[in-house]
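Asks: Sequence first, predicted model second:
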Amino acid sequence: MKNFYRMSMKILAACFFLNFSYTEAQLTVIGLGNYNVGAVSDNGVVSMHTSAGAIYKWDAANGLVQIGAISNGYPAAGRTVVSNDGTKISSSITNAATGFNEISTYDVAASSWVNRGGLVPTGWDGSVSSTWGMTTNGSTVVGLGYLTAANAHAVKWDEAGGMIDLGSIVPGRSSRANAINAAGTVIVGWQDEPTGTRSGAKWQDGVESFITDNNGNNVGEAGGISADGSTIIGAANPNPYVWNAVSGLTYITHPNASFTFKGGATGISADGKTVIGYYRAFGAPPISGEGFIWNSSTGRVNLNDYAASLGIATNGVTMGLPLAISQDGKKIAGTGMNASGQMIAFYLDISSFLSVKDTVQGKDTIGIYPNPVTDRLYYKGAGNIERVEIYNMVGQKVKTFNTVEGQMDVSSLPKGDYILQYWVKGEKQAYKFIKK
């Protein structure tokens, strides 16, 4: 299967003749050590920090660059997140005036931090507030703000409104905001129940409610949300979940899932179709886990296996804990283990190397149409197609046609993206299409 994705130069030239585009997919080790990856932008900027409080940004052009650090001696809290264009970053930085760490924003162009405060002037355990999520344009930050040493609430900050207490629907219990949609209208995170159980929560236009499964039961902590706010991901027990406003809740299952082998969903693309996460033994170190990529068409696939099916050389890296996915769903970052057993931070670029084209460029060119397709896929152009193989986007062969006479019945295929590989006069060529 790997050979299909590792195109020969001859096939690559044919792809360009058919007006395809090709981008090299790759796996990069961006840091050696214990990095907490927070987010990755569409243009490949990764934001992260260490437990000791050093804050970093990484991109292919500039490498790993430290942009800040906690200076009060307390361990880092929260996440370090980046806007979708890579120009704004938010994390928790020490306020020099108070000595407490708080939600802060960083302007990449100006190389400058601004403290944004909390709900109280001074806090506990070195913190007043901590960053956990940010809108794609970087204008709004969500996270946690302390009220007392034992109580904290979900918070939202923006330039116009300042720091806002999102509250708790359970008196005396804590809550936290982990993620926010693009428009800033839907926020997700967790809410402690009266028993102390931490359950998934969402704030829709400022009104909080628990997230429930299809039977009305509360689910686990929510960690991510699609751009339009309709799809939410999180961690249940033992399976990760995907909650959608229309279709309800779907569990991302694993054959070995149990109370001693649990998983969580950690990232979601803007359209809500691609989810990343992990499974690992209870109590085991994060790098020992099994990272996955999931969508509704292909289900859960081991992230290392997925990379291999695309022809990406992983060079002994195990992507045990993918933590962030870009809005376009094509860049993934997280932590894992290298071939020597050392903890590393990784960046995986799975940018599509075949772009969809459904027009015939000339009389000697074979094209397929309609694209996207519902039932029947037709071809047009010179030459006879001798054989067709169709693969899903994780490299699995899903359909074969040994004889083709002008059309192919693809009605049985689930909705999604596919690669059509075909032979003309003994030569292999490829095309991408979308099944509606």
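Replies: Thanks, I have it.

Asks: tell me the SS of residue 313?
Replies: Following DSSP: H, G, I helix; E, B strand; the rest coil, residue 313 is assigned to coil.

Asks: Which residue is the nearest non-sequential neighbour of it?
Replies: Using CB to CB, 6 or more residues apart in numbering and skipping residues adjacent in sequence, the residue nearest residue 313 is residue 27, 7.1 Å away. Placement of C-beta: from N, CA and C, glycine included.

Asks: now swap in residue 420 and tell me
Replies: Taking CB to CB, 6+ apart as the measure, residue 420 lies nearest to residue 431, with 4.7 Å between them; neighbours along the chain are not counted.

Asks: Surely the one you found and residue 418 touch.
Replies: No. Shown here, residue 431 and residue 418 do not form a contact pair, counting by CB atoms under 8 Å, at 9.3 Å.

Asks: Pretty sure the residue nearest to residue 313 sits in a helix.
Replies: No. The assignment for residue 27, made by three-state DSSP, is strand rather than a helix.

Asks: For it, which residues count as its bridge partners?
Replies: Here residue 27 sits in beta bridges with residue 348, going by DSSP bridges.

Asks: Ok, residue 292 next?
Replies: Using DSSP bridges, the beta-bridge partners of residue 292 come out as residue 277, residue 302.

Asks: does residue 44 count as helix, strand or coil?
Replies: Put simply, residue 44 is coil when judged by three-state DSSP.

Asks: Please determine how far it is located from residue 50.
Replies: Using CB to CB, to the nearest Å, one gets 21 Å for the distance from residue 44 to residue 50.

Asks: just to revisit the earlier point, for the residue nearest to residue 420, give its distance to residue 379.
Replies: Relative to residue 379, and taking CB to CB, residue 431 is found at 9 Å.

Asks: joint contacts of the two?
Replies: Where contact means CB atoms under 8 Å, 6 or more residues apart in numbering, the residues bridging residue 431 and residue 379 through contact with each are residue 368.

Asks: can you map out the strands along the stretch 1-150 of the chain?
Replies: Shown for the stretch 1-150 of the chain, the strands assigned by DSSP state E, counting those that start in this stretch span residues 26-32, 35-40, 46-50, 54-59, 63-69, 81-82, 88-94, 101-107, 112-115, 129-134, 140-148.

Asks: actually the stretch 301-436 of the chain, not the one I wrote
Replies: With DSSP E, counting those that start in this stretch applied, the stretch 301-436 of the chain shows strands at 318-325, 331-337, 343-349, 367-369, 376-380, 385-392, 397-401, 407-409, 416-424, 427-435, listed in chain order.

Asks: Could you identify which of those strands has the lowest mean pLDDT?
Replies: When these are ranked by mean pLDDT, strand 367-369 comes last with a mean of 74.

Asks: what number of residues lie near residue 374?
Replies: For residue 374, the count of nearby residues is 11 (other CB atoms under 10 Å).

Asks: Residue ranges in the stretch 1-150 of the chain under the pLDDT threshold?
Replies: Applying pLDDT under 70 to the stretch 1-150 of the chain picks out residues 1-25.

Asks: quick one: contacts for the residue positioned nearest the centre of the chain?
Replies: What sits nearest the mean C-alpha location of the chain, by CA atoms, centre = their mean, is residue 325, with 2.5 Å. With contact taken as CB under 8 Å, 6+ apart, residue 325 is in contact with 40, 267, 268, 269, 274, 275, 276, 331, 332.

Asks: quick one: which of the residues you listed is nearest residue 426?
Replies: For residue 426, the closest of those turns out to be residue 274, at 36.3 Å, with distances computed as CB to CB.

Asks: Against residue 236, how distant is that closest one?
Replies: Going from residue 274 to residue 236 by CB to CB gives 19 Å.

Asks: Likewise for residue 42?
Replies: Where residue 236 is concerned, residue 42 sits at a distance of 29 Å (CB to CB).

Asks: Settle it for me: which of those two has more neighbours?
Replies: Counting neighbours by other CB under 10 Å for residue 42 and for residue 236 shows that residue 236 has the greater number, 22 against 17.

Asks: which residue sits closest to that one, ignoring its sequence neighbours?
Replies: The nearest residue in space to residue 236 (CB to CB, 6+ apart) is residue 220, at 4.6 Å.

Asks: and the one you found, what helix or strand is that in?
Replies: Secondary-structure element containing residue 220, defined by DSSP states H and E: none, the residue being outside all helices and strands.

Asks: Verify the stated contact: it with residue 237.
Replies: Yes. With the criterion set as CB under 8 Å, residue 220 and residue 237 qualify as a contacting pair; they are 6.2 Å apart.

Asks: neighbour-wise, which of those two wins?
Replies: With other CB under 10 Å as the criterion, residue 220 and residue 237 differ in neighbour count, and residue 220 comes out ahead with 22 against 11.

Asks: who wins for most neighbours among the contacts of residue 325?
Replies: Counting neighbours by other CB under 10 Å, residue 40 leads these with 31 neighbours.

Asks: can you pull up the bridge partners for that one?
Replies: According to DSSP bridges, the partner residues bridging residue 40 are residue 46.

Asks: ok, the nearest residue to residue 290 once chain neighbours are set aside to residue 320 distance?
Replies: Using CB to CB, 6+ apart and skipping residues adjacent in sequence, the residue nearest residue 290 is residue 279, 4.8 Å away. Here residue 279 is placed at a distance of 10 Å from residue 320 (CB to CB).

Asks: which neighbours do those two share?
Replies: Both residue 279 and residue 320 are contacted by 289, 290, under the criterion CB under 8 Å, 6+ apart.

Asks: Break the protein down into its domains, please.
Replies: For the chain, the domain assignment from automatic domain parsing gives the residue ranges 24-349, 367-435.

Asks: if we can go back for a sec, figure out the helix or strand that the residue nearest to the residue nearest to the centre of the chain when sequence neighbours are not counted lives in.
Replies: Ranked by CB to CB, 6+ apart and with sequence neighbours excluded, the top spatial neighbour of residue 325 is residue 267, at 3.8 Å. For residue 267, the enclosing helix or strand under DSSP H and E is strand 261-268.
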